[in-house]
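Engineer: starting from these lines, generate the structure:
(2 chains, ligands or ions: 2)
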Amino acid sequence: MKLLNILVVESSYIIIKGLISILEGSGRYNIVEKLPNHNRANDIISENKIDLLFLNPALLDNFYEIISKNPDLKIISVISDNSKINKDLFFDNINVIDNKADVVFKLENIYKKAIENIDLENKEISKREISILRLVALGYTNKEIAVELFISPHTVITHRKHITKKLGIKTVSGLTIYAVLNNIIDLTEAK
Amino acid sequence: MEFINSHKMADIIHLNHNLLSVLYRFNISLGFGEKDVETICLENNINVDFFLEIANLFNDKEYFNEKNLQLFSAKLIVNYLLNTHDYYVSEKIPEIYKLILSLKFDTDSERNQGLIKNFFDEYKKEFQQHILREEEHIYPYVISLQKAVDTKEVSKLLLKKIKENSIETYGVEHGDIEEKLYDLKNIIIKYLPPPINGTVSNIILSKLFKLESDLNQHSRIENKVMIPVASRMEKEILFNLKLNKIKIVN
Ligand SMILES: [Fe+2]
Ligand SMILES: [Fe+2]
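Structural biologist: Numbers count the residues shown, from 1 in each chain, chains lettered A, B, ... in the order given. Ligands and ions are numbered 1, 2, ... in the order given. Got it, this is the predicted structure:
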């Protein structure tokens, strides 16, 4: 079974202790770190491969920057008061007043959902993606790729996201190197 | 452990040799003998408290205390950031570049060398542009804010900048210069054929990881320390203008 890497950010000692004992008990999670505030979160997220962040939403304000830098980070809000939260921002929510059955059920679902997402990262890139990667490496814009391959620009963007996720390469120059190394393009074609 | 002014400088370096890079930024050379931190700082004309704040930050990431750092003058902070740029440009980037040029491969050696070299050349360019903007526009702006606060005089030009192009604009646009480093790491780890001189790629990688975390910290000081300090001065100037406590000059 694949272990998911977890970062927990929560100031309440009781909640942190409880949450961690539940997570560890399930045998599916590897707790990379637990923090009482956001201070070191950025470093930990960039230095480790964090799959899930369990976060007290009251601390969210400090996380917008981290979220924008790590669009794939999955955040589970751990709700401990009745303040309203924007559910769209979170991968899922658990509430401290949930009973055992609810928590177990939610964690089960969270794990399943997260694994589906992560499986994508482990897949080889598809033929379709290779043809898009080729055009990216040749310097085509998303619009030009869309025209060339008869797909919508939106689809091009989706493919590019998948390519970046699978290869772990974000920039066009990085993708170009990958394309040359794997003979997807010829060095003489590259600009 | 937290470093204090009565610790011997030599002991601190023994405890954490990463602090050598901090000494570089403060222009402190070795040969401390038995002198403590305070004496060394005095001799080098360095604000001890500021030095300790930075040294502790490098020693322990959890130490980052933006509120403490915000108490120092804009000049100190900007100067430190400038020296950090210099450390990257004069030391770290050339070091890595040299190693990259020395990579050799079994097959397609020339092509592979060329790919990596070009990639890093591009990175260097991006990096230069990033810090050039900061050194030519942002840092001088922050310094002129401090001057206006100190002299109680604000120029029309500066006032225009405060109103139309405040530090917040920079904060929003301030991109990260780590993206390409991330790619480079993955290219070396996952995709490049192993070089003949394998240890070189290991050294490059460990230097890239270090540079990345140093850059992270640098941006953090820009974002969490310099920007709030500048924005506080902007507000102070505008507020004092209303109270006629500050003069507009040409
Ligand atoms: Fe900078
Ligand atoms: Fe910067």
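
Engineer: okay, CA-based contacts and neighbour counts for the rest of this
Structural biologist: Will do.

Engineer: what about the closest residue to residue B:12 other than its chain neighbours, which SS state?
Structural biologist: Nearest non-adjacent residue to residue B:12, counting by Cα to Cα, 6 or more residues apart in numbering or on different chains: residue B:3, 7.5 Å away. Classification of residue B:3 using DSSP: H, G, I helix; E, B strand; the rest coil returns coil.

Engineer: got a list of what residue B:3 touches?
Structural biologist: Counting by Cα atoms under 8 Å, 6 or more residues apart in numbering or on different chains, residue B:3 touches B:12, B:52, B:55, B:56.

Engineer: dump the residue contacts of residue A:148.
Structural biologist: Applying Cα under 8 Å, 6+ apart, no residues contact residue A:148.

Engineer: surely it is in a strand?
Structural biologist: No. If the criterion is three-state DSSP, then residue A:148 is helix and not within a strand.

Engineer: could you check how far it is from chain B?
Structural biologist: The gap separating residue A:148 from chain B is 27 Å, by Cα to the nearest Cα, to the nearest Å.

Engineer: same thing with residue A:50?
Structural biologist: Applying Cα to the nearest Cα to residue A:50 and chain B gives a distance of 15 Å.

Engineer: nearest residue to the middle of chain A?
Structural biologist: For chain A, residue A:72 is the residue whose C-alpha lies nearest the centre (Cα atoms, centre = their mean; 2.4 Å).

Engineer: quick check: which element contains it?
Structural biologist: Assigned by DSSP states H and E, residue A:72 belongs to neither a helix nor a strand.

Engineer: ok, residue A:34 next?
Structural biologist: strand A:29-35.

Engineer: equivalent analysis for residue A:2, please.
Structural biologist: With DSSP H and E as the criterion, the answer for residue A:2 is that it lies in no helix or strand.

Engineer: pLDDT score for it?
Structural biologist: On the pLDDT scale, residue A:2 is placed at 77.

Engineer: over to the one 3 residues further on?
Structural biologist: Reading off the per-residue confidence, residue A:5 sits at a pLDDT of 89.

Engineer: so which bits of whichever strand or helix holds it are buried?
Structural biologist: With secondary structure defined by DSSP H and E, residue A:5 is part of strand A:4-9. For strand A:4-9, the neighbour count (16 or more other Cα atoms under 10 Å in any protein chain shown) marks A:4, A:5, A:6, A:7, A:8, A:9 as buried.

Engineer: and the residue of chain A nearest chain B?
Structural biologist: Relative to chain B, the nearest point of chain A is residue A:169 (4.9 Å; Cα to the nearest Cα).

Engineer: pLDDT value on the closest residue in space to that residue that isn't next to it in sequence, please?
Structural biologist: Excluding the flanking residues, the one nearest residue A:169 by Cα to Cα, 6+ apart is residue B:183, at 4.9 Å. Note for residue B:183: predicted pLDDT of 92.

Engineer: surely residue B:183 is in contact with residue A:174?
Structural biologist: Yes. Contact criterion Cα atoms under 8 Å: residue B:183 and residue A:174 qualify, at 5.9 Å.

Engineer: and the gap between the residue nearest to residue B:12 and chain A?
Structural biologist: In terms of Cα to the nearest Cα, residue B:3 sits 20 Å off from chain A.

Engineer: ramachandran angles for that residue?
Structural biologist: phi -80, psi 140 (degrees, to the nearest 10).

Engineer: please apply the same query to residue B:8.
Structural biologist: Dihedral angles for residue B:8 - degrees, to the nearest 10 - are phi -70, psi 140.

Engineer: quick check: bridge partners of it?
Structural biologist: residue B:36 (DSSP bridges).

Engineer: tell me how far it lies from residue B:35.
Structural biologist: Distance check for residue B:8 against residue B:35: by Cα to Cα, to the nearest Å, it reads 6 Å.

Engineer: settle it for me: which of these two has more neighbours?
Structural biologist: Taking other Cα atoms under 10 Å in any protein chain shown, residue B:8 and residue B:35 do not tie; residue B:8 has more neighbours (19 against 16).

Engineer: for the chain, which segments are assigned as strands?
Structural biologist: Since no chain was named, I'll use chain A. For chain A, the strands defined by DSSP state E occupy A:4-9, A:29-35, A:52-55, A:74-79, A:92-95.

Engineer: let's do chain B instead
Structural biologist: Going by DSSP E, chain B shows strands at B:153-155, B:247-249.

Engineer: for chain A, find the nearest of the ones you listed.
Structural biologist: Once these are compared by Cα to the nearest Cα, strand B:153-155 is nearest, at 33.0 Å.

Engineer: and the residue in chain B that chain A sits nearest to, what does it touch?
Structural biologist: Nearest to chain A in chain B, going by Cα to the nearest Cα, is residue B:183, at a distance of 4.9 Å. Residues counted as contacts of residue B:183 (Cα under 8 Å, 6+ apart) are A:168, A:169, A:170, A:171, A:174.

Engineer: ok, now with 10 Å
Structural biologist: A:164, A:167-175, A:177, B:119, B:189 (Cα atoms under 10 Å, 6 or more residues apart in numbering or on different chains).

Engineer: among the residues you listed, find the lowest-pLDDT one for me.
Structural biologist: Model confidence across those bottoms out at residue A:168, which has 87.

Engineer: hang on, it packs against residue B:181?
Structural biologist: No. Applying Cα atoms under 10 Å, one finds residue A:168 not in contact with residue B:181, separated by 11.6 Å.

Engineer: give me the pLDDT for the spatially closest residue to residue B:102 that is not a sequence neighbour.
Structural biologist: With Cα to Cα, 6+ apart as the criterion, residue B:102 has its nearest non-adjacent residue at 7.9 Å, and that residue is residue B:200. For residue B:200, the model assigns a pLDDT of 92.

Engineer: and chain A, which residues reach chain B?
Structural biologist: Contact residues (Cα under 10 Å from any Cα of the partner chain) of chain A with chain B: A:35, A:39-43, A:46-47, A:69, A:164, A:167-178, A:180-182, A:187.

Engineer: the worst-scoring helix or strand of chain A on mean pLDDT - contacts with which helices or strands?
Structural biologist: In chain A, the helix or strand scored least confidently by mean pLDDT, DSSP states H and E is helix A:64-69, which has a mean of 77. On a contact count with 3 or more Cα pairs under 10 Å, 6 or more residues apart in numbering or on different chains; DSSP states H and E, helix A:64-69 meets helix A:41-47.

Engineer: okay, now the domains of the chain?
Structural biologist: No chain in the question, so chain A it is. For chain A, the structural domains run A:4-121, A:127-181, going by automatic domain parsing.

Engineer: the chain in question should be chain B.
Structural biologist: Taken from automatic domain parsing, chain B resolves into B:1-63, B:70-249.
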